[in-house]
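Undergrad: structure for this input, please:
(chains A and B)
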Amino acid sequence: MASYKDRLTGDLDRWIAGGLVQPDKREAILAQVPDTRRIDAATALAWVGSILLGAAVIAFVASNSEVIPRLLRFGLILSVFAAAAGAAAWMARQGRDAVANGLLTFAALVFASAIGLSGQIFDITGDPHTALLFAGAVALALAVAGEASGPAIAALLFIAFADFTGDRGRVFGGDDGHLQLQWLLLAAPLCVAGSIWKRSAPLAHAAALGFLLAVLRALLKLDHVHAVAFVAVSAGLGAMALFARRYRDDEAIKGEVFQGWLIWGALAFFLASGFDIDHAGWKVAHRLVWLGVAGGLIALGRHDRSAVITGAGVLGLLAAIATLLSDLGFGLMASAGLFFVSAIVALGVGLMLKRRRAA
Amino acid sequence: MKIILSVPVRIALVAVLATLALTGMVVGENRARASGREVIMTMQAVDPRDALTGHYVEINISERVAPGGFCPQERTEESWLTLAPANGRWHAVAQARTRALAERPGHIVARGSVSCMGSWRNEDTSLLMTDLGVRRFHIHQSEAERIEKVLRDRRDDETAAAAILSVGADGKARLKGVLIDDRRMMLDLY
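TA: Next up is the predicted model:
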């Protein structure tokens, strides 16, 4: 997909050709828009290679070989971590930020493995939740220290696993004296800020997804989860998506990324709210709103030229239709027939419109 | 005076602190293991062949209980267990919600849970399973094969295998090793 700068370059050249903009202003206008960073094949392969190297080291140490004493195995895995961090520091000093980012990610993964392997090497029984949080905290610290997005993504992964494996306590409040904070609710917004600061699209995606998972986890931790809660969350995410839409063309803030995830999240939570509705009237209202929202998303997606939003609308519409058919008690054959007729109608109308435009 | 650290220095600082934290955790656990009270508890003779993927032995602390012995009808949540010595081994004899209620003179208290079920081998006894949070013993392949042979040859002998644990002042049980056919196999750093 072309970046905003690529699209602006094309538009600018057309405006200059049309005499709307002076040619000597071209470079000055393009200089106002930051370049979109892309990863080339060599860098991508270097990332893959570093991850595979880490996996090789971990598997070797975990092999429980008789040749290597326990202390030496522990020292070996820590040495790999220290070497990776040291190399990252050196690369950062040389100004090679992309390499430093990869090495810091590798170091974060190795440290997480070191925690697990320490438990195996020394037969230390531990709480997986605590171990994952420890790994996430170190990864986050490396991300902040190195101003790197890779370890931040690793941190989100570890913290998400920690939140979903820990089942003591509630979000806010005690359960038999146990209080468990949902750390992803803190880490995800922090990483959102980090993605904006470092203009990192991968981190923006990970942070947005992490935020949605944090909201879902918090919702599931409530004593009684009703449809109203899901609808309220859906509305909240929709409002946030509207806010993010204001920055959808801002490459630095990655507004389009956040808008897309928030829209998908809002739609998913609204869909999920429908499973808890028994009252016939409310169910009809829910389906009608669902159809309206799906249609609205299709229209919005076409207006903003956003495939992500259009896709959400189309999928939402298909799901709405399928659910309605299920509500009405239609069997699979009847549903197939109805979809076929609808498809013929849609294609026919589309063909007629195209011919009218051509004429 | 405001001190701004450069990126390389910050990375190095985080790496050093993380290494110290992990090393401290390992040292602390080993010290707690060394300073705790040693208890030997009968380990059921599970077939290690299935459990030895990745070279470890499943620790399953369980023993037969005679009628009238400690045998809770339902599996308990984690609570405080009272361990009592008898015939060179330690056995779970009671449980309580608080440490104070579980403590008795000459006994050891540890965090854990128990469950009890009828033994398929003997209708007159039940099987008491004690979960102290210790589940695996990582071991070299050659030793694993030896254990497998011993357990296979002495399948009906309850004294064939035992877990050697260290119960610390915090009530947490840590694995020190296993006792197989009267031979100790200990977790050493070297």
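
Undergrad: doesn't B:M41 belong to a strand?
TA: Yes - assessed with DSSP: H, G, I helix; E, B strand; the rest coil, B:M41 lies in a strand.

Undergrad: from chain A, how far off is it?
TA: 15 Å (C-beta to the nearest C-beta, to the nearest Å). For every residue, glycine as well, the C-beta is placed using N, CA and C.

Undergrad: just the helices in chain A please.
TA: Along chain A, the stretches classed as helices by DSSP state H are A:4-17, A:26-31, A:41-62, A:70-93, A:97-121, A:128-146, A:150-165, A:184-198, A:201-220, A:227-245, A:255-273, A:280-304, A:307-327, A:332-358.

Undergrad: ok, chain B next?
TA: B:7-35, B:48-51, B:99-102, B:141-153.

Undergrad: could you identify which of the ones you listed is most buried?
TA: Most buried of those, by mean neighbour count (mean count of other C-beta atoms under 10 Å in any protein chain shown): helix B:7-35, with a mean of 17.

Undergrad: any residue of that one touching chain A?
TA: Yes - applying C-beta under 8 Å from any C-beta of the partner chain, one finds helix B:7-35 in contact with chain A at B:7-15, B:17-19, B:21-23, B:25-26, B:29-30.

Undergrad: give the contact list for the residue of the stretch 101-250 of chain A found nearest chain B.
TA: Going by C-beta to the nearest C-beta, chain B is nearest to A:A145 of the stretch 101-250 of chain A, at 3.7 Å. Contact analysis of A:A145 by C-beta atoms under 8 Å, 6 or more residues apart in numbering or on different chains lists B:V7, B:R10, B:I11, B:L13, B:V14.

Undergrad: I'd like the residues you listed as TSV, with pLDDT appended.
TA: Listed next are those as TSV, based on pLDDT from 0 to 100:
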residue	pLDDT
B:V7	92
B:R10	94
B:I11	95
B:L13	95
B:V14	96
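
Undergrad: want to throw those residues into a markdown table with distance to A:A84?
TA: Converted to a markdown table, the contacts of A:A145 look like this (distance: C-beta to C-beta, whole Å):
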| residue | distance to A:A84 |
| --- | --- |
| B:V7 | 15 |
| B:R10 | 15 |
| B:I11 | 10 |
| B:L13 | 15 |
| B:V14 | 12 |
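
Undergrad: remind me which residues of chain B are low pLDDT?
TA: B:1-3, B:45-56, B:74-77, B:118-124, B:141, B:155, B:188-190 (pLDDT under 70).

Undergrad: rerun that using 50 as the cut-off
TA: B:50-53 (pLDDT under 50).

Undergrad: what does it put close to chain A?
TA: Going by C-beta under 8 Å from any C-beta, the residues of chain B near chain A are B:6-15, B:17-19, B:21-23, B:25-26, B:29-30, B:54-56, B:133-142, B:172, B:174-175, B:187-190.

Undergrad: which residue lies nearest the spatial centre of chain B?
TA: The residue lying closest to the centre of chain B (C-alpha atoms, centre = their mean) is B:V134, at 3.5 Å.

Undergrad: look up phi and psi at that residue.
TA: phi -100, psi 120 (degrees, to the nearest 10).

Undergrad: skipping adjacent residues, who's closest to it in space?
TA: B:L175 (4.7 Å; C-beta to C-beta, 6 or more residues apart in numbering or on different chains).

Undergrad: correct me if wrong: the one you found contacts B:I61.
TA: No - counting by C-beta atoms under 8 Å, B:L175 sits too far from B:I61 to count as a contact (10.6 Å).

Undergrad: overlap in contacts, the two.
TA: B:V134, B:A163.

Undergrad: hmm, back to that, mind putting the helices of chain A in JSON lines, mean pLDDT and distance to B:M117 included?
TA: Shown next, in JSON lines, are those (pLDDT from 0 to 100; distance: least, C-beta to C-beta, whole Å):
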{"stretch": "helix A:4-17", "mean pLDDT": "86", "distance to B:M117": "66"}
{"stretch": "helix A:26-31", "mean pLDDT": "86", "distance to B:M117": "75"}
{"stretch": "helix A:41-62", "mean pLDDT": "73", "distance to B:M117": "35"}
{"stretch": "helix A:70-93", "mean pLDDT": "90", "distance to B:M117": "36"}
{"stretch": "helix A:97-121", "mean pLDDT": "87", "distance to B:M117": "30"}
{"stretch": "helix A:128-146", "mean pLDDT": "91", "distance to B:M117": "27"}
{"stretch": "helix A:150-165", "mean pLDDT": "90", "distance to B:M117": "28"}
{"stretch": "helix A:184-198", "mean pLDDT": "90", "distance to B:M117": "39"}
{"stretch": "helix A:201-220", "mean pLDDT": "90", "distance to B:M117": "33"}
{"stretch": "helix A:227-245", "mean pLDDT": "91", "distance to B:M117": "41"}
{"stretch": "helix A:255-273", "mean pLDDT": "91", "distance to B:M117": "40"}
{"stretch": "helix A:280-304", "mean pLDDT": "86", "distance to B:M117": "46"}
{"stretch": "helix A:307-327", "mean pLDDT": "85", "distance to B:M117": "44"}
{"stretch": "helix A:332-358", "mean pLDDT": "75", "distance to B:M117": "46"}
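
Undergrad: appreciated, that's everything.
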